[in-house]
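Novice: Only the shape, not the letters, is given here:
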């Protein structure tokens with residue numbers, strides 16, 4: 001099979017090389033393009049690591065003389081598959097940490113990314129994007145450009161690539177060619193990057209504007225020439241429809257024409273450097289004239305509808321490369337210097353009134369946000385920002401082709417598998433895992449999990465001993481959901497940094513753009529990666545990593561102090577879950593050194609991990625009092641029950657208090673944070689009552705948690721949790737009381753107690769006898785209360801750390 005694929009690749013590469021020879025391409029350039037074609041069109045199974053962009057290929061040839069002989073022989077014989085034997089292209093001579101551990105995730109993902117790119121596109125996000133663009137106000141006073149700002153792996157590049165099949169598109173990828181990441185796909189346009197992003201070539205803002213105008217002049221001119229050469233039709237021939245023209249142009253650019261076309265553009269710009277001293281307005285007029293010529297050429301080849309819809313789309317992927325500030329002799333000390341991005345946007349304003357639109361793609365929200373402090377922005381600035389096009393943040397999410405999942409078909413053992421976890425959330429992970437042709441799938445799964453970890457912490461060395469505090473905060477944020485102080489400038493900056501480098505998702509950008517609304521939504525695969533990374537942190541010397549991170553950021557004012565108590569409770573629950581997993585998976589951890597937190601754990605083991613050893617017997621032997629005599633203990637009722645929560649998600653209303661939501665939460669490995677108006681319940685953890693049962697409503701129950709901030713120990717009757725008040729029904733159709741009974745558990749925690757009861761002063765943990773709401777729900781019985789347990793954790797000094805006083809009643 002591999003030989004057949006190489007035969008097709010050899011034929012195509014040889015045909016393209018012959019075309020380059022026919023047009024008189026020099027030997028040096030021919031070798032560069034031959035190497036680029038080999039890397040670009042080699043079968044994914046070949047797993048060639050090197051980047052196919054011409055600039056990197058030129059450096060490879062200069063640094064590795066053995067490539068010259070190989071390329072010359074390949075051009076003569078037409079056999080380019082010999083590249084698989086070259087270490088410089090495969091990276092097999094590198095003794096990296098990943099290879100020492102048996103996993104070279106960079107190598108795997110290089111091949112998998114190209115396969116994933118060609119997979120069928122899921123959803124109609126590109127159609128929605130075009131609809132949004134056409135609905136934007138354009139013309140005088142309104143810019144004809146917008147930004148797509150979102151975290152890594154959300155499908156920005158693929159969405160605009162699919163958009164190019166609907167509207168005529170001129171694409172640019174501005175990734176730095178020196179970035180040789182395994183996930184650096186699709187290939188960059190190195191010549192364009194070299195011209196537009198090289199700030200050292202810009203002598204001043206005016207000089208940079210002239211360079212940009214000259215660039216657009218030659219882009220429109222060369223594209224118009226290419227259209228005439230390939231798509232020109234006579235008056236007697238049928239013209240193409242807009243979608244047909246867009247699709248054919250997109251396909252035409254994919255055949256290495258794009259690289260050659262942009263080389264011609266940059267070459268023409270460099271030859272026209274003398275024009276940069278000319279009148280800038282004249283250059284802008286010429287660029288608009290060349291755009292008009294391009295539109296005329298398109299009209300001759302295509303039938304456009306009589307509407308104001310966009311006819312030409314430009315997009316600049318990796319637009320944050322335009323971030324460097326341009327030197328300005330007039331204002332050398334001005335902190336608000338124009339960037340290359342500002343210069344490019346300024347040039348685009350001269351195309352207003354034309355059916356052209358430009359998109360900038362980036363992971364950096366700061367690129368389009370105004371000055372940090374809102375107080376420094378005048379009224380005129382605020383009014384002008386009202387007419388800016390809104391940044392676009394809607395991208396594919398939960399788009400796996402198997403969705404929606406059929407209820408009543410899944411069991412616990414299926415939920416913990418990484419391929420299943422990857423189906424949820426951003427498309428990056430499941431597309432990589434399912435692109436395992438020619439590669440051992442188990443190796444690719446491990447590689448993708450490690451990729452998620454390195455992207456989360458923004459560090460290739462995920463097993464190292466030194467990490468940034470922001471990486472650790474981002475990891476903890478995924479696990480327990482942190483609310484940041486809304487008025488803190490530091491919080492604003494940290495959120496932007498986490499979107500840029502730590503996988504945080506933007507939910508929306510307000511019209512004033514002073515801040516963003518963002519967070520970590522439910523992504524089970526990323527949550528599993530964060531759990532494994534936190535497990536590494538908790539090893540020596542990071543034993544206090546989770547509580548230490550919270551304490552540090554409470555003190556700095558980064559975290560919203562009003563959420564402190566709830567946040568500490570989520571931390572305690574999360575630590576108990578980690579401890580329970582490590583107990584149940586001790587053998588697996590000894591063998592692989594990494595647990596699988598998505599497999600879940602026994603509910604009783606989780607409860608024991610939450611409380612000190614001395615209280616385990618009291619908790620496990622607790623009996624319910626439902627008005628019906630019973631000798632069944634909590635241990636008997638939940639012997640086979642399982643909890644599974646790798647992260648917390650926020651509820652928007654009270655609908656999460658239902659068995660239907662418990663199925664959804666357990667499916668994603670999520671516990672719920674109830675919304676602020678929910679009375680009596682703060683957290684809900686789904687429980688599967690029997691690990692062998694199919695996941696459905698009749699198999700589900702829940703652990704309800706109420707978190708209090710009373711300074712003194714109060715009466716539990718005042719904060720008793722009753723599921724019937726919240727619409728949580730545990731009824732199921734049955735003919736017997738035993739089958740119809742489903743237990744649920746409530747827990748009340750007071751984490752603000754300053755003075756524990758006298759009985760607890762002698763011990764760090766003490767027991768007092770108070771009513772505990774341990775309920776068993778039954779359709780045929782009344783619900784009652786029995787003797788209960790209160791646990792008081794002594795406060796140590798005046799510390800506000802998570803180890804402060806905590807009173808917990810458990811049901």
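Specialist: Everything's here; your move. Computed from a predicted model, the values in this text were never measured in an experiment.
Novice: give me the low-pLDDT residue ranges for the stretch 151-300 of the chain?
Specialist: 180-184, 233-237, 255 (pLDDT under 70).
Novice: Report the distance from stretch 682-701 to the chain centre.
Specialist: When distances are taken as CA atoms, centre = their mean, to the nearest Å, stretch 682-701 is centred 29 Å away from the chain's centroid.
Novice: That one: which residues count as buried?
Specialist: The neighbour-count check on stretch 682-701 (16 or more other CB atoms under 10 Å) flags 682-689, 691, 695-701 as buried. Yep, even glycine has a C-beta here, placed from its N, CA and C like the rest.
Novice: from these, which single one is nearest residue 538?
Specialist: Closest approach to residue 538 among these (CB to CB): residue 685, at 20.9 Å.
Novice: Could you double-check that that closest one sits in contact with residue 701?
Specialist: No - contact criterion CB atoms under 8 Å: residue 685 and residue 701 do not qualify, at 10.0 Å.
Novice: all strands of the stretch 451-600 of the chain, in order?
Specialist: For the stretch 451-600 of the chain, the strands defined by DSSP state E, counting those that start in this stretch cover 505-508, 517-519.
Novice: Ok, the stretch 101-250 of the chain next?
Specialist: 145-149, 168-173.
Novice: which sections of the stretch 351-500 of the chain are below the confidence cut-off?
Specialist: Using pLDDT under 70, the stretch 351-500 of the chain drops low at 370-387, 437-440.
Novice: check contacts around the nearest residue to residue 166 once chain neighbours are set aside.
Specialist: Closest residue in space to residue 166, ignoring its immediate chain neighbours: residue 130 at 5.3 Å, by CB to CB, 6 or more residues apart in numbering. Residues in contact with residue 130 (CB atoms under 8 Å, 6 or more residues apart in numbering) are 163, 166, 167, 310.
Novice: Just give me the neighbour total for the residue lying closest to residue 623 once chain neighbours are set aside.
Specialist: Leaving out its chain neighbours, the residue that sits closest to residue 623 by CB to CB, 6+ apart is residue 633, at 5.6 Å. Using other CB atoms under 10 Å, residue 633 has 15 other residues around it.
Novice: what sits against residue 633?
Specialist: The contact partners of residue 633, taken as CB under 8 Å, 6+ apart, are 620, 621, 622, 623.
Novice: about what we covered before: next, format the strands of the stretch 101-250 of the chain as JSON lines and append distance to residue 269 and mean neighbour count.
Specialist: Formatted as JSON lines, these follow (distance: least, CB to CB, whole Å; neighbours: other CB atoms under 10 Å):
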{"stretch": "strand 145-149", "distance to residue 269": "21", "mean neighbour count": "24"}
{"stretch": "strand 168-173", "distance to residue 269": "14", "mean neighbour count": "22"}
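Novice: for those strands, which one sits closest to residue 653?
Specialist: Once those are compared by CB to CB, strand 145-149 is nearest, at 28.3 Å.
Novice: for the record, mean pLDDT for the closest one?
Specialist: Averaging pLDDT along strand 145-149 gives 93.
Novice: which strands and helices sit next to it?
Specialist: helix 156-163, strand 356-362 (3 or more CB pairs under 8 Å, 6 or more residues apart in numbering; DSSP states H and E).
Novice: most neighbours per residue, which of the ones you listed?
Specialist: Burial of those is given as mean neighbour count (mean count of other CB atoms under 10 Å); strand 356-362 ranks first at a mean of 24.
Novice: Tell me what angle it forms with helix 156-163.
Specialist: With axes from the mean of the first three to the mean of the last three CA atoms, to 10 degrees applied, the angle from strand 356-362 to helix 156-163 works out at 160 degrees.
Novice: Strand 356-362 pairs with which strands, parallel or anti?
Specialist: Strand 356-362 pairs in its sheet with strand 145-149 (parallel), strand 312-317 (parallel), by DSSP bridges.
Novice: re earlier: tell me which of the contacts of residue 130 fall in helices.
Specialist: If you go by DSSP state H, the contacts of residue 130 have residue 163 in helices.
Novice: Out of the contacts of residue 130, which is nearest to residue 198?
Specialist: residue 163 (28.1 Å).
Novice: separation between that closest one and residue 284?
Specialist: With distances taken as CB to CB, to the nearest Å, residue 163 is found 27 Å from residue 284.
Novice: picking that back up, so which of the strands of the stretch 101-250 of the chain is nearest residue 228?
Specialist: Going by CB to CB, the one of the strands of the stretch 101-250 of the chain nearest residue 228 is strand 168-173, 14.1 Å.
Novice: ok, residues contacting the closest one?
Specialist: 157, 160-161, 163-164, 186-189, 192-193, 196, 219, 223, 242, 245-246, 249-250, 253, 258, 262, 298, 302, 311-318.
Novice: picking that back up, just the closest of the contacts of residue 633 to residue 115, please.
Specialist: Distance to residue 115, by CB to CB, is smallest for residue 620 among the contacts of residue 633, at 51.1 Å.
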